[in-house]
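>>> Compute the structure for the input listed below.
(chains A, B and C)
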Amino acid sequence: MPEPTIVHPDGMGYIPHAAGFVANEGPKLVSGRFPYEDSYTLECALATGAYTGLRAALGRTPADVHTEVRDATLLGRGGAGFPAGVKWGFCPEDVWPRYLVVNGDESEPGTYKDRLLMERDPHQLIEGCLIACYALGLSQCFLYVRGEMALAQERLAVALNDAYEAGYVGRNICDTDFSVDITLHWGAGAYIVGEETALIESLEGNRGMPRLKPPYFPAAIGLYGRPTIVNNVETLANLPWILEHGAIAYRGYGSEASPGTRLFAVSGHVVRPGVYEVEQGVTTYRDLIYGPNFCRGIREGNELKAFIPGGASAPWFFEEQLDLSLEARDIGAAGSMLGSGAIVVMDHTTDVVKACLRIVRFFARESCGKCSPCREGTSWEEKILERILDGHGRPSDLDLLLDIGDNISPGPYPVAAHGAAGLDAVPFPPLQTTICPLGPSSVAPITSALRRFRSEFEARITRHEGIPVRSAPVVDGDPA
Amino acid sequence: MNDVGQSVEITVDGRTVLANPGELLIDACERTGTYIPRFCHHPRMRPVGMCRSCLVEVDTGRGPALQASCMLECSPGMQVDTESERTRKAQAGVLEFLLVNHPLDCPVCDKGGECPLQDQTMAFGPGESRFVEEKRHFEKPIPVNDNVFLDRERCILCDRCTRFADEVAGDALIHFQGRGSDTEVNTFPDEPFSSYFSGNTVQVCPVGALTAAPYRFKARPWDLEEVESTSVVDSVGSRIAVQSSRDCVLRFQGVDADAVNWGWLCDKERFIFEAYDHEDRLGTPLLRGDDGDLAPTGWGEALAAAAAALTDVDPDRIAVLGGARLTNESQYAWTKFAKGVLGTDHVDAQLGDGLPADFVLGLPRATIDEACTPGGIIVLLGPDPKEELGSLYLRLRHAVVHDGATLIELTPRATGLTPFADHSLRVRPGEAVDVVRAMFGEGGTAPIGGVTVEEAQAVGAIVSGAAVGQNRPVTVLLGRQSLAEAPGTVVDAALVLHDWIADVRFLSMLRRGNVHGALDLGLAPGLLPGRVGLDEGRPRFAAAWPTTPATKGRDALESLRAAADGEVDVLVLLGADVLTDVPDHDLARRGLEGAGTVIALDLFATPTVAAADVVLPATAPTETDGTVTNLEGRVSIVARKVTPPGTARPDWMIAVELARRLGADLGISSPDDVWAELSVVSPIHAHIDPEALAVQAREGILVSGGPALVRPAPLEVPSHDKNSYRLVVTRSMYDCGVLTAHSRSLAGLAPVTRLAFEPTDFAALGVAEGGRIEVRGPRGNIDVVVGPDSRVTKGTAHLLFNQRGVSAGDLIEATAAVIDLTVVPV
Amino acid sequence: MSFFTEANARTAAEVIARYPRPRSAVIPLLHLAQEQEGWVTRDAMVEIAELTGATPAEVLGTGSFYEMFRFHPVGRYVVNVCTNISCQLLGGEELLHHVEESLEVHAGGTTADGMFTVEEVECVAACTEAPCFTVNYRYFHRADPDTFDAVVDDLRAGRSPLARGAQGDDGNLPAHGTLGRLRQHIPDDRRAGVVPPEQADQEPVWLRTAPSTTSAADA
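This next block holds a predicted model:
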């Protein structure tokens, strides 16, 4: 293995050419190539062991490879956390062709791990795609890359061209009968397209509006109506290591229920925000936010006010939840979600009403418009919060917000425990009157912020400045 | 899953409900008395589960969960609660959401009073909306085409109109644009929603977003009276609802007849009522005076003049043409009068633009449902259904695109179905029989026009392997492919198909409103009512009719020739505009001029009427009680809803009056009397009477049976000369026909025609698009505007019939098998 | 009537050939059209409709769903400032205000000289490096007003500002519409073969024959 070309001042710290990635101590199952300045080239990739996993797979039967992945308990890295090996088993027998669609449409606020993987190590991703196609008989792979990620598209295009030429993609890969084409496809800017059925719609040339499940589970009826596996970039990026080292070795990292490592991004009011490769399950939020190996605490010595544990859809956590480990099951029971590993930390200077509006506005703007509760409900929520921030809020607005939320996601809505107030957690996931989870996601910041910081909302409403003229006369100096 | 055919037992609100196999929960509930609110759901379109109004709590074993009932197939043991608190809250919530951006337009909105949003909000919605913010705004309304307006503020984005345009009509010209709460429905800029079926979107829109220009602001639904009737615009016989206010028809709506049109109408069927209402409608009889002009007169004088003209005339010198517009009862009355009283058999409802009546009646027939059998095979040996039989086109398209039917086209030009046909063979005029023979291995190895023997045999393999042992019925859609070809070309090809394909059936594509009623009721030479020949039927009519013709008479073209030769003393025209509609205009002119007295019954003063001697005003379908027969042979009711203009009379009544003045009693004093008589003289109609028709009003009653198949002598067709272009003349949905021209909403839609060539043929002409050339045909030279058209077959040239631009009827010669044109060099 | 240049028409054909159904190429072709013209014109959509078997209404319907497609001319450089939660917490809104003030244009607008269009956008995927902005989708991390001013200076002077993004992206910053400056090409002799799904309805060969010997060239 050649020496890394980037030397850190203190052994850890930023890698300037993969800005944002922090080479913390710990196993590097997917970010092993990042310390090399030219990590994205075929030359560097081959010199550091790329396509070894593929060759290992090609020496086994496809069914064997599938079993290995299932045994590794590789959990999906896209947000839903569904075990990839199990999802792989959902394709109906004897229905061909089958397709692989790689979900590189990462748009979740708070993380860009997939962008890093695509820009910094495209060959690892390509290798992962090949392994998946080999295992399941997938005849073509579509690498759907978010439209705004221009550099990732470039690097993937070059990597694909080089890989084709070198015989790793296309006809008779590595001189075997395994043949598959990988098509690089660009998105064009829509968060909702990250939902797997919306991704498939987009890939078919349509508006990215999710399909109803049932019946349109992609493994049964997917791209062009054929069985389709949709996997996240990071999920596939794990496959080379798993095939090279084996499921048992993989399960040596992380916890029993959540083996392996994940890329967690921590942003917001911490000393050292960054993307870290972290062992799941055995690390806690406290480790991540305060640990010297990771974010080193809240900036400027400030207090933690709240943190979002798993992306914009996640109900907020607080001091009480810091010791939860990064285990999907535990976090779900505690009222939130692990999601795609996007953690946003808010210190005591944060205006939570504004933060709440910002996240709601995100969902309102990204709503696809297909179903009524989300299309109308999210923009209604946004308008009420805007009005509150503008000083024109009404006392009834707060319960109205919660009721709108209840009509999008029939309650009680998942929320973290508030011990001091004697309130229990409501476990995840929320129910939906909608077709997909986007609408219900807009309720998370509202419920979280209102349960914990209601007074901050009320303060804005009891301020009378700016409220339109009332017809009732003022009596004794008090407004009627 | 349960066996096909077994009911599925579910529980709804504590009651047991038996659902049909595969039935959607929302439909099963509605059918058994539980209405679940809905907007995006439409029984004739794919379910999308978008509006979320139909959420109900469903428990399939894992506890109750809110689910969209429009997307759920009933499964055994399903427990449904449509009244639980959670269901009610969800429904009220969705309605409140839908009203968030919906403008308070009710006072000025057409839909008010028949609005599902109003009705369902009253029944399932919250009492008040809590939305106090600014609603989103769009410019309102905007025209999406000449007849349909779109108000995007009212739109609740249910996707019905866009789904209809794409999935049902195949005209994806309106589409969602934008995203989220700013989503709107719109067209591509400067490309209107030019679809023959656009009016259906107005009908399916569950709010007042889409409105029809002919109806906008005209009435409130509670002012309207309604009666179900049948469209007579074409021979599909779509079921319609005729709605009127203060004795004026304001609107036609499509009615869902499962066997026929599924609730859809083409825009011509939908808006034609404007013509019936036009001020130019004939309201009084006209008589040509000594000064040579037509002048209004009373019925007494007019009938006296007509009767005088018919008195003591040799039946052989009387001809009766037209009648495809009439109701069945009027047709019977006129057949009885012409053949049974006057004794002439020179009677023909078709105007040389159809197929031989006896041949059509002798073919084994299919219904529309049979033709559209899922997985079945359809062979198009006829005109373009999208242009001539709009509602049939929608049924066919559904069968091919959604139900796996295989479509094979043997047509001289691409049609509206070509984009999704499995095999579309371009067959030049006169060559259909050769192509069909090649399908079954007869004939040589040389290609026939542009069709290779391999292609033909591939198609032959499909229709041969089909019906036998695979349960895939083959239906041939049979009609006049081109008015510039003699009918024999199609007849010969049809006979080959008949002989080679086991169990093949035919669906007639003769297009005029009640032409099939005319054939069934004897308005054709050699036939008597009941689909029988003269000799075979004669005994039945011995008692009922004073006489029956001895020998088969002339068809329309022969009658016109005879008239041109001075052999016709009285020419009766039953709603027949021969100058416009007979493909050979020259023959029509000479025939009309040569005839002695011309008696015309019609709705308008057509060019032909203007040349008649006695003009008798007739009633329109909305002013007449009776029945019509569609191309399946399905009899359905036409209902009178409004008063005719002036003193216009039903056609049967005119026949009765004329007969009376000639000393004969037709025995008909109402349309019902006709059925009483038919039950005696026509066995195929015996199962139909007014009570039965009233019971089966929506689906109608099929008439089956017919004479033995006749085999006309094969047509001799000159072989194709590569220096000439074989003329193809077809119709388009909108033309200069009298009804379309008097329908405000449709008149402007008729295209201008030019002589069209296949693109490489056109390039060889060396003329610019829109330029002029001179062509020579059998009638001499004519100067025409030309252009390329990729739908046209190489070696042919195409014109539309009865349009501005080029008069196709001036190029056609009725005696010719095909019309070959040569380009006159400059 | 043809919108695409000859070279782009060839690229378009190549792109369409990479999909089992031509309709899937609508979005890539809209990008190609935007690359050619800087924005998506009416003629572009008409031609894309013809190439992919859609109607122009369907092409516009698809295109208008996605933020990246512009249906009116925009500046040569589109500046996207993220104000989503991570960036908001670290000054994204203040950065946006600076951008608006220094260019004298509100978010959504284009400068009078046609050089810059400013947009307020959702998460651009650089959250730990907040606040950040992109110019024609090239990243500038940990940006403050000075960074922005320096980038604008560079662009006005015809210099490439990419080094200021500090993430290994180099070369020139292309005009709006160009995303990846290099494209995928599948050489004919290496192509496995893209076919419509109807023609690929058999089990793939290697499921039966695997494992087969791999090349002797493995390391």
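>>> Just the C-alpha atoms of stretch B:218-236, please, in CSV.
Provided in CSV are the C-alpha atoms of stretch B:218-236 (Å, rounded to 0.1, in the frame of the first residue of the first chain):
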residue,chain,number,x,y,z
LYS,B,218,-75.4,30.0,-19.3
ALA,B,219,-77.2,28.2,-16.5
ARG,B,220,-77.2,26.8,-13.0
PRO,B,221,-77.5,23.1,-12.8
TRP,B,222,-80.7,23.4,-10.8
ASP,B,223,-82.2,25.2,-13.8
LEU,B,224,-81.5,22.3,-16.1
GLU,B,225,-83.9,19.6,-17.1
GLU,B,226,-82.3,16.4,-18.3
VAL,B,227,-83.1,13.4,-20.4
GLU,B,228,-80.9,10.6,-21.5
SER,B,229,-80.5,10.1,-25.3
THR,B,230,-78.2,8.9,-27.9
SER,B,231,-75.8,10.9,-30.0
VAL,B,232,-76.5,10.8,-33.7
VAL,B,233,-73.4,12.6,-34.8
ASP,B,234,-71.9,9.3,-35.8
SER,B,235,-72.8,5.6,-35.8
VAL,B,236,-71.2,4.8,-32.4
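>>> Just the buried residues of it, please?
B:219, B:224, B:227-236 (16 or more other Cβ atoms under 10 Å in any protein chain shown). Placement of C-beta: from N, CA and C, glycine included.
>>> Can you name the residue of chain A nearest to chain B?
A:Asn407 (3.0 Å; Cβ to the nearest Cβ).
>>> And the furthest pair within the buried residues of stretch B:218-236?
Farthest apart among those by Cβ to Cβ are B:Ala219 and B:Ser235. That separation is 30.3 Å.
>>> Please list the members of the buried residues of stretch B:218-236 that lie in helices.
Nothing among the buried residues of stretch B:218-236 maps onto helices, per DSSP state H.
>>> From those residues, pick the one nearest B:Lys89.
Nearest to B:Lys89 among the buried residues of stretch B:218-236, with distances taken as Cβ to Cβ, is B:Leu224, at 36.0 Å.
>>> Dump the helix or strand hosting B:Val635 to PDB, keeping only the CA atoms.
B:Val635 belongs to strand B:634-638 when assigned by DSSP states H and E. Taking C-alpha atoms only, strand B:634-638 is exported to PDB below (Å, rounded to 0.1, in the frame of the first residue of the first chain):
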ATOM      1  CA  ARG B 634     -77.600  -1.800 -30.800                       C
ATOM      2  CA  VAL B 635     -81.000  -0.100 -30.600                       C
ATOM      3  CA  SER B 636     -81.100   2.800 -28.100                       C
ATOM      4  CA  ILE B 637     -83.500   5.700 -27.300                       C
ATOM      5  CA  VAL B 638     -83.300   9.200 -28.700                       C
END
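>>> State the next helix or strand along the chain beyond that strand.
Defined by DSSP H and E, the subsequent element after strand B:634-638 is helix B:651-661.
>>> all strands for chain C, in order.
C:77-82, C:116-121, C:133-135, C:138-140 (DSSP state E).
>>> Distance from stretch B:578-598 to the middle of the chain?
26 Å (Cα atoms, centre = their mean, to the nearest Å).
>>> buried residues in that stretch?
Going by 16+ other Cβ under 10 Å, stretch B:578-598 has these buried residues: B:578-592, B:594-598.
>>> likewise stretch A:388-400?
For stretch A:388-400, by 16+ other Cβ under 10 Å, it's A:388-389, A:392-393, A:397-398, A:400.
>>> Out of those residues, name the two that are farthest from one another.
A:Leu389 and A:Leu400 (15.4 Å).
>>> What residue, apart from its backbone neighbours, is nearest the residue of chain A closest to chain B spatially?
B:Gly93 (3.0 Å; Cβ to Cβ, 6 or more residues apart in numbering or on different chains).
>>> what about the one you found, distance to A:Ser442?
Remark: distance between B:Gly93 and A:Ser442 (Cβ to Cβ, to the nearest Å) = 14 Å.
>>> now A:Leu338
19 Å.
>>> Ok, B:Ala349 next?
66 Å.
>>> Over to B:Glu96?
16 Å.
>>> more neighbours, the two?
Between B:Glu96 and A:Ser442, A:Ser442 has the larger neighbour count (other Cβ atoms under 10 Å in any protein chain shown), namely 30 against 24.
>>> so the more buried one makes contact with A:Ile408?
Yes. Counting by Cβ atoms under 8 Å, A:Ser442 touches A:Ile408, with 7.0 Å between them.
>>> Next, show the common contact partners of those two.
Counting by Cβ atoms under 8 Å, 6 or more residues apart in numbering or on different chains, the contacts common to A:Ser442 and A:Ile408 are A:374, A:377-378.
>>> Which of these ranks first by neighbour count?
Those, ranked by neighbours (other Cβ under 10 Å): first place A:Cys374, 33 neighbours.
>>> Sticking with that residue, tell me its helix or strand.
helix A:372-389.
>>> Any part of that helix near chain B?
Yes. Residues of helix A:372-389 contacting chain B under Cβ under 8 Å from any Cβ of the partner chain: A:372-373, A:375-380, A:383-384, A:387.
>>> Columns pLDDT and distance to chain C on top of the residues you listed, output as JSON lines?
Output for the residues of helix A:372-389 next to chain B, formatted as JSON lines (pLDDT from 0 to 100; distance: Cβ to the nearest Cβ, whole Å):
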{"residue": "A:Ser372", "pLDDT": "97", "distance to chain C": "18"}
{"residue": "A:Pro373", "pLDDT": "97", "distance to chain C": "19"}
{"residue": "A:Arg375", "pLDDT": "98", "distance to chain C": "13"}
{"residue": "A:Glu376", "pLDDT": "98", "distance to chain C": "18"}
{"residue": "A:Gly377", "pLDDT": "98", "distance to chain C": "19"}
{"residue": "A:Thr378", "pLDDT": "98", "distance to chain C": "13"}
{"residue": "A:Ser379", "pLDDT": "97", "distance to chain C": "15"}
{"residue": "A:Trp380", "pLDDT": "98", "distance to chain C": "19"}
{"residue": "A:Lys383", "pLDDT": "97", "distance to chain C": "17"}
{"residue": "A:Ile384", "pLDDT": "97", "distance to chain C": "19"}
{"residue": "A:Arg387", "pLDDT": "94", "distance to chain C": "19"}
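>>> would CSV of the residues you listed with distance to B:Asn20 be doable?
Putting these into CSV (distance: Cβ to Cβ, whole Å) gives the following:
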residue, distance to B:Asn20
A:Ser372, 29
A:Pro373, 30
A:Arg375, 33
A:Glu376, 35
A:Gly377, 35
A:Thr378, 38
A:Ser379, 40
A:Trp380, 40
A:Lys383, 45
A:Ile384, 45
A:Arg387, 50
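>>> Show me which of the residues you listed are buried.
A:372-373, A:375-380, A:383-384, A:387.
>>> Pull the lowest-mean-pLDDT helix or strand in chain C out as PDB, backbone CA atoms only.
Every helix and strand of chain C was ranked by mean pLDDT, DSSP states H and E. The lowest is helix C:205-209, at a mean of 90. Provided in PDB are the C-alpha atoms of helix C:205-209 (Å, rounded to 0.1, in the frame of the first residue of the first chain):
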ATOM      1  CA  VAL C 205     -26.100 -15.500 -18.600                       C
ATOM      2  CA  TRP C 206     -23.700 -15.300 -15.700                       C
ATOM      3  CA  LEU C 207     -26.300 -16.400 -13.200                       C
ATOM      4  CA  ARG C 208     -26.100 -19.800 -14.800                       C
ATOM      5  CA  THR C 209     -22.400 -20.000 -15.600                       C
END
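>>> Good, wrapping up.
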